[in-house]
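> Provided below are the primary sequence and the corresponding predicted coordinates.
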Amino acid sequence: MALLNFLSKEKKKDLDKGLEKTKESVFKKLSRAVVGKSRVDDDVLDELEEILISSDVGVDTTIRIIERIEKRVAADKYLNTDELNKILRDEIAALLEENESDEINGFDSYPGAKPYVIMVVGVNGVGKTTTIAKLAHNYKKAGKSVILGAADTFRAAAVDQLEVWSERVGVKLVKQAMGSDPASVAFDTLKSAQSAEADIAIIDTAGRLHNKANLMDELSKIKRVMSKVIPEAPHEILLILDGSTGQNAFEQAKQFTKATEVNSLAITKLDGTAKGGVVIGISDQFKIPVKYIGVGEKLEHLQIFNRYEFVDSLFSE
């Protein structure tokens, strides 16, 4: 498989650095698994299964990867352990390729209506506010005009944080008083975006409500009100997940995909964890495209996810 080179050298360097902990963990364990072995046998495959699961690839996805490699081993009885890393890279890339989604090469080539409306969901603490700021920064840098809506009115800190970020990034923020109706904020944001002929409108939502029924009702109401302004809105429901939480990220994905029609994912904080395999597992299990990954704290460290570059970075020597 030819790996597509969509990333600049600087972005590729950021990606490599962001995945350093995961890569180091996987390579150390792989080295131990093949020590003294000349070919890939059942023992090596058992070790590989443990390595992938411990990297939070997830059990179901790990089994699929192992089955793919077993077929290669069956076809070539003397498969050399030196080739294991390349085989692993190829099979994971092929697995991710099966999850068909529209690839976008950069923030400047983002498809969609004008304004393109993104509703952002996710629990508190996953990096939701900073991810919104990074999205706004990257779109603005690509020449897009952006408006933010502070519809998480249940937490004063959420509105305040978004206001600080909007000023830092240099984009307009629509907000109301603490405790206001979130749907009303979303309505005002879309009206403002239309009036300003903005390219992108990003709506923040509450990270935590009392129960799943409340969450579902609130998100449904926000969507319903937005569709009165722009019938197709929101065009994208973006779920933010913290990659460093491993299996908790899977559970959050389950809950939010039940609560609303999530159609894109952003996985943050990959630079601070050895659990980068969670990107592979979540992409495979939920069949929802991972559109963005966070590989550092800077505004530029939110990258559009390219599965080929990701796997190449994770498994290249």
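Good, I have the coordinates.

> This structure: helices as residue ranges?
Assigned helices in the chain, in chain order: 9-18, 20-34, 42-54, 59-75, 84-97, 128-141, 156-169, 182-196, 212-229, 247-259, 278-286, 307-315 (criterion: DSSP state H).

> now for the ones you listed, which one comes closest to residue 292?
Residue 292 sits nearest to helix 128-141 of all the helices of the chain, at 7.3 Å, using Cβ to Cβ. (Each C-beta comes from the backbone N, C-alpha and C, glycine too.)

> For residue 196, list the residues it contacts.
When contacts are counted by Cβ atoms under 8 Å, 6 or more residues apart in numbering, residue 196 is found next to 145, 147, 172.

> Who wins on neighbours among those?
Sorting those by how many neighbours each has (other Cβ atoms under 10 Å) puts residue 147 first, at 25 neighbours.

> I'd assumed residue 192 was in contact with that one.
Yes - Residue 147 is within contact range of residue 192, at 5.8 Å (criterion: Cβ atoms under 8 Å).

> Mutual contacts of these two, please.
172, 174, 198.

> Considering the residues you listed, which is situated nearest to residue 208?
Looking across the shared contacts of residue 147 and residue 192 and measuring by Cβ to Cβ, the closest to residue 208 is residue 174, at 22.0 Å.

> Centre-most residue in the protein?
residue 266 (2.3 Å; Cα atoms, centre = their mean).

> Show me the beta-bridge partners of that one.
residue 240, residue 292 (DSSP bridges).

> Low-confidence regions, the stretch 101-250 of the chain specifically.
Applying pLDDT under 70 to the stretch 101-250 of the chain flags residues 101-106, 109-111, 209-211.

> The helices of the chain: which one's closest to residue 270?
When these are compared by Cβ to Cβ, helix 9-18 sits nearest residue 270, at 5.2 Å.

> Which secondary structure elements does the closest one sit against?
strand 302-304, helix 307-315 (3 or more Cβ pairs under 8 Å, 6 or more residues apart in numbering; DSSP states H and E).

> How about residue 224, nearest residue that isn't a chain neighbour?
residue 183 (7.5 Å; Cβ to Cβ, 6 or more residues apart in numbering).

> circling back: a markdown table please, covering the helices of the chain and showing distance to residue 294.
Compiled in a markdown table, the helices of the chain are given as follows (distance: least, Cβ to Cβ, whole Å):
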| stretch | distance to residue 294 |
| --- | --- |
| helix 9-18 | 8 |
| helix 20-34 | 13 |
| helix 42-54 | 22 |
| helix 59-75 | 21 |
| helix 84-97 | 18 |
| helix 128-141 | 7 |
| helix 156-169 | 15 |
| helix 182-196 | 24 |
| helix 212-229 | 23 |
| helix 247-259 | 12 |
| helix 278-286 | 11 |
| helix 307-315 | 13 |
